[in-house]
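S.K.: from the sequence below, what's the structure:
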Amino acid sequence: MEHIRLFVKGLSYSQTQSGAYALVLGEEGGERRLPIIIGGFEAQSIAIAIDKDMNPPRPLTHDLFKNFSDAFKIHLKQVVIHKLEDGVFYSILICDQNGVEQVLDARTSDAVALAIRFNAPIFTYAEILDNAGVILNEKTSSFKSSRMDTKSEDEISSATGGKTSSLQSLSIEDLNKSLEEAVLNEDYERAVRIRDEIDRREAK
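M.R.: Numbering: from 1, shown residues only. This next block holds a predicted model:
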C-alpha cells in the first residue's frame with residue numbers, strides 16, 4: 001500500500017472530549033489533515049519536544065526512552081500509523097539496532113512524541129487518510145501552529161478555568177520569569193500556556 005508522509009501541524013484542546021487534546025497531522029504536499037484525540041500528558045510531551053526553548057530539568061518519559069535508545073544504539077527509523085479501527089489509530093515503531101530491524105507496537109501519541117525527538121518521519125497509508133482525513137483551512141479550523149493553545153482566547157480561558165486571562169495581565173518580563181519557574185517546577189501545562197501567551201504578543 002502507498003505510504004504518505006505526515007507532519008505535525010497543530011495541537012489544540014479537544015472540542016469533543018474534556019481534558020483531551022487534538023493532535024493534527026498533515027499530509028506532505030496536500031491539504032488533508034488527520035486529527036487524532038490524545039491525552040493531556042502526551043500532548044504536553046509533544047508540545048515540549050516541538051518547542052526547543054523549553055528544557056525540562058529532568059527527562060520526561062519520552063526523553064528517557066530517547067536517552068535509553070541512544071545509549072544502546074537503537075535508532076528509530078520511522079513511525080507508521082497503519083490501522084484505524086473503531087476510531088482508534090494504531091501505530092508501529094520501526095527501529096534499527098546494529099543493522100537488525102525491529103518493529104514495535106505503540107500508541108500513536110507516544111509514537112509521534114518519539115518521532116519528533118528522533119527526527120524520524122511519520123507515515124500512514126492512503127486508505128487511512130482517505131477514510132479519516134479532513135480538509136482544514138483558516139475559515140474552518142483553528143489549527144494554525146504547533147502550539148497547544150491555538151483556539152480563541154475566550155475558548156482557551158473557558159477550557160483552562162480562566163488561567164489564560166490571568167496571564168494577559170503580566171508583562172513580557174514577568175511571563176518569561178513565570179515560564180522559567182513553571183519548567184523548574186515541572187508544571188508543563190502552565191509552561192505551554194505561558195509560552196503561547198508570549199508568542200501571541202510577539203506576533204502582534
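S.K.: average pLDDT for the lengthiest helix in the chain?
M.R.: With DSSP state H setting the assignment, residue counts place helix 188-202 as the longest helix in the chain. When pLDDT is averaged over helix 188-202, the result is 74.
S.K.: now swap in stretch 28-38 and tell me
M.R.: Taken as a whole, stretch 28-38 carries a mean pLDDT of 91.
S.K.: tell me the buried residues in that stretch?
M.R.: For stretch 28-38, burial by neighbour count (16 or more other CB atoms under 10 Å) applies to 32-38. For every residue, glycine as well, the C-beta is placed using N, CA and C.
S.K.: one more: stretch 191-204?
M.R.: Taking 16+ other CB under 10 Å as the basis for neighbour counts, the residues of stretch 191-204 that come out buried are 191-198, 200.
S.K.: specify the local secondary structure of residue 63.
M.R.: Secondary structure assignment for residue 63 (DSSP: H, G, I helix; E, B strand; the rest coil): helix.
S.K.: out of the helices and strands in this structure, which is least certain?
M.R.: Least confident element among the helices and strands of the chain, by mean pLDDT, DSSP states H and E: helix 153-159 (a mean of 36).
S.K.: could you report the distance from the residue nearest to the spatial centre of the chain to residue 5?
M.R.: Computing the C-alpha centroid of the chain and ranking residues by CA atoms, centre = their mean puts residue 46 first, at 3.6 Å. The spacing between residue 46 and residue 5, counted by CB to CB, to the nearest Å, is 17 Å.
S.K.: the residue nearest to the centre of the chain: what's it in contact with?
M.R.: Residues counted as contacts of residue 46 (CB atoms under 8 Å, 6 or more residues apart in numbering) are 8, 11, 23, 38, 109, 112-113, 116.
S.K.: that one in helix, strand or coil?
M.R.: Judged by three-state DSSP, the three-state class of residue 46 is helix.
S.K.: got CSV for the buried residues of stretch 28-38, with secondary structure and distance to residue 77 too?
M.R.: Formatted as CSV, the buried residues of stretch 28-38 follow (DSSP: H, G, I helix; E, B strand; the rest coil; distance: CB to CB, whole Å):
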residue, secondary structure, distance to residue 77
32, strand, 24
33, strand, 24
34, strand, 21
35, strand, 26
36, strand, 21
37, strand, 26
38, strand, 23
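S.K.: and of these, the nearest to residue 121?
M.R.: Minimum separation from residue 121 among the buried residues of stretch 28-38 (CB to CB) is found for residue 34, which lies at 14.6 Å.
S.K.: touching, that closest one and residue 4? I think so.
M.R.: No - in this structure, residue 34 is not within contact of residue 4 by CB atoms under 8 Å, at 9.6 Å.
S.K.: which residues do those two both contact?
M.R.: Common neighbours of residue 34 and residue 4, counting by CB under 8 Å, 6+ apart, are 27, 124, 129.
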